[in-house]
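[1] Here's a sequence, model it:
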Amino acid sequence: MGGSYDANAAGGEPTPASGGNEGDFKPHGLPVKKISAAVPENTAELSFGPAFADMQILSNAQVALYLRASAGSAADRDEELQDVYQKTQGYVNRFNTMNNPEKDQQELVDELDNLQDALTTYRKETDEGEELLLHSFEVASLMNLMATDTTAEEALALIPSLSRFPEAAIDEILELIRGTMIRIVS
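    Residues are numbered from 1 along each chain as shown. As a prediction, this is how the structure comes out:
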């Protein structure tokens, strides 16, 4: 693909982007940031390329809370939500396992922020003295897959990069998440 943009997949119009290459397109006339193919992305190796170097990755539960808050603000201003917003909200609500409509929204935000902080600061030292940390992708992925009965084997199957951790450490991580989930749903 080498930097080309699939305009049909994003609903854009196939117009040549600046530079005049026929394979480069602009979605709806907007400029497209080209991503170099030199750095292959691989979640199992936590390789995401330079475009994602400074990104904060959120869980579905966090996105659901942010969208709910902004929907409330839009309603207060008598604004209509766009279709893409509603679809995104539907998606994150469908896969959000950490939700309790009876809890105060700020309480949910605090619980999720505390969990994210605990996972982000989690450290495990290997027998060789190497300190292992969770990558932000792993933190969000763990928060997304979490159910009270998730096992270390399931977590490893869905997030292969966790294989650098001993199974006991993965169990500790899952226990952190279980504790938060129980507080949220009870």
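
[2] and V109, how many neighbours?
    15 (other CB atoms under 10 Å). The way it works is simple: take the backbone N, C-alpha and C, and place the C-beta from them, glycine included.

[3] same thing with T121?
    T121 - counted by other CB under 10 Å - has 9 other residues nearby.

[4] Strands of the protein, residue ranges please.
    13-16, 25-26, 123-125, 131-133 (DSSP state E).

[5] for the longest one, what is the average pLDDT?
    Which is strand 13-16. When pLDDT is averaged along strand 13-16, the result is 40.

[6] ditto for the second one
    Strand 25-26 shows an average pLDDT of 40 in the prediction.

[7] Can I get the lengthiest helix in the chain in CSV? Just the C-alpha atoms.
    Counting residues, the longest helix found in the chain (DSSP state H) is helix 167-185. Written as CSV, here are the backbone C-alpha positions of helix 167-185 (Å, rounded to 0.1, in the frame of the first residue of the first chain):
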residue,chain,number,x,y,z
GLU,A,167,1.8,-16.4,34.6
ALA,A,168,1.7,-15.4,38.3
ALA,A,169,2.2,-11.8,37.3
ILE,A,170,-0.7,-12.0,34.8
ASP,A,171,-2.9,-13.4,37.6
GLU,A,172,-1.9,-10.4,39.8
ILE,A,173,-2.8,-8.0,37.0
LEU,A,174,-6.2,-9.7,36.4
GLU,A,175,-6.9,-9.6,40.1
LEU,A,176,-6.4,-5.8,40.1
ILE,A,177,-8.9,-5.5,37.3
ARG,A,178,-11.4,-7.9,39.0
GLY,A,179,-11.3,-5.9,42.2
THR,A,180,-12.2,-2.7,40.3
MET,A,181,-14.9,-4.4,38.3
ILE,A,182,-16.5,-5.8,41.4
ARG,A,183,-16.5,-2.3,43.0
ILE,A,184,-18.0,-0.8,39.8
VAL,A,185,-20.8,-3.4,39.3
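
[8] Run through who's touching it.
    97-100, 103, 108, 111-112, 114-115, 118-119, 122, 124, 132, 134, 142-143, 146-148, 150-152, 155-156, 162, 165 (CB atoms under 8 Å, 6 or more residues apart in numbering).

[9] Now do it: distance to the chain's middle.
    18 Å (CA atoms, centre = their mean, to the nearest Å).
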